[in-house]
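Structure for this input, please:
(one chain, ligands or ions: 1)
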Amino acid sequence: MTALMSLQNVNYQVKDKLILQEINLTVPAGANYTITGPSGSGKSMLLRLMAAMISKTSGELIFAGKPIESYDPIMYRREVSYCFQQPTLFGTTVADNLAFPYQIRKQVIDLPHVTAALEYVGLSAKMLNQKIEDLSGGERQRVALIRNILFLPKILLLDEVTAGLDTANKDIIHEWLRHLNEDRHVTTLMITHDTTEIASADQLLRVVDGRLEVGA
Ligand SMILES: Nc1ncnc2c1ncn2[C@@H]1O[C@H](COP(=O)(O)OP(=O)(O)OP(=O)(O)O)[C@@H](O)[C@H]1O
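Prediction:
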């Protein structure tokens with residue numbers, strides 16, 4: 001498999017605090033990585049570097065053969081999409097959120113595609129008119145994830161997206177991520193503290209004190 005992203009000797013420092021040190025990682029296209037490690041060890045900062053939400057202090061981050069700084073930020077975010085543990089939904093309704101990816105591309109919402117995505121994760125088209133304040137935590141997370149993948153990115157970076165959800169909601173999201181990775185060829189990297197997710201990881205990375213341990 002070819003490297004879709006690679007990090008070479010990446011350091012990330014804030015003031016005099018070295019948060020990530022000498023990170024070397026090659027992410028092949030189609031990979032499905034699970035990232036774990038103690039609280040505060042640098043997992044979120046690692047994904048945020050890959051998402052170009054923060055900038056490295058030194059080293060190289062290469063995506064599809066080019067340094068990530070060389071990409072237009074808007075185009076880069078369409079290719080490398082970051083999902084938050086506590087997603088921000090905006091506007092008034094679910095439809096406001098799911099129309100957004102089309103609006104920024106100056107396209108009309110593709111309702112059959114949106115409906116199919118909702119149904120895939122156990123939601124229905126009726127939910128489009130629902131107020132976001134009335135959604136459960138699991139519904140919010142599913143709507144936010146759908147918003148991120150209506151146009152498929154190459155890489156999906158998932159920061160504890162199942163934390164705080166019940167088993168049924170976790171299972172729906174696991175099955176959907178499996179589908180995106182195996183059937184739609186989206187490369188996924190997911191941070192988790194969940195022992196079941198760690199036990200079932202295809203490939204496990206551990207971040208400990210700002211350093212990366214592969215396959216530990
Ligand atoms: N702007 C900043 N200034 C100072 N310290 C920061 C800054 N951003 C992150 N840190 C520190 O970097 C370290 C790594 O943070 P990070 O959020 O990546 O941890 P994490 O492994 O994701 O933790 P958790 O599992 O608790 O979410 C923490 O000690 C955090 O306080």
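
For the rest of this, base every contact and every neighbour count on C-alpha atoms.
Will do.

any idea of the pLDDT on the closest residue to Ala52 other than its chain neighbours?
For Ala52, ignoring the flanking residues on the chain, the nearest one in space by CA to CA, 6 or more residues apart in numbering is Ile68 at 7.2 Å. The predicted local confidence for Ile68 comes out at a pLDDT of 97.

Gly138 now?
According to the per-residue confidence, Gly138 scores 88 in pLDDT.

follow-up on the earlier one: thought the residue nearest to Ala52 was touching Ser55?
No - applying CA atoms under 8 Å, one finds Ile68 not in contact with Ser55, separated by 9.7 Å.

Neighbour count for these two, which is higher?
Between Ile68 and Ser55, Ile68 has the larger neighbour count (other CA atoms under 10 Å), namely 20 against 17.

how much space between the more buried one and Met50?
Going from Ile68 to Met50 by CA to CA, to the nearest Å gives 8 Å.

residues shared between the contacts of the two?
By the contact definition CA atoms under 8 Å, 6 or more residues apart in numbering, Ile68 and Met50 are jointly contacted by Leu61.

show me what contacts the residue nearest to Ala52?
With contacts defined as CA under 8 Å, 6+ apart, the neighbours of Ile68 are 52, 61-62, 76.

So which bits of this protein are right by the ligand?
Selection of the chain residues close to the ligand by CA under 6 Å from any ligand atom yields 14, 19, 38-45.

can you list the weak-confidence ranges in the protein?
Counting by pLDDT under 70, the ranges of the chain that qualify are 1, 215-216.

Longest helix of it, counting residues only.
With DSSP state H applied, the helix covering the greatest number of residues in the chain is identified as helix 167-182.

how many degrees apart are the helix or strand just after that one and helix 167-182 in direction?
With elements assigned by DSSP states H and E, the helix or strand that comes after helix 167-182 is strand 187-191. Angle of strand 187-191 versus helix 167-182, following axes from the mean of the first three to the mean of the last three CA atoms, to 10 degrees, is 150 degrees.
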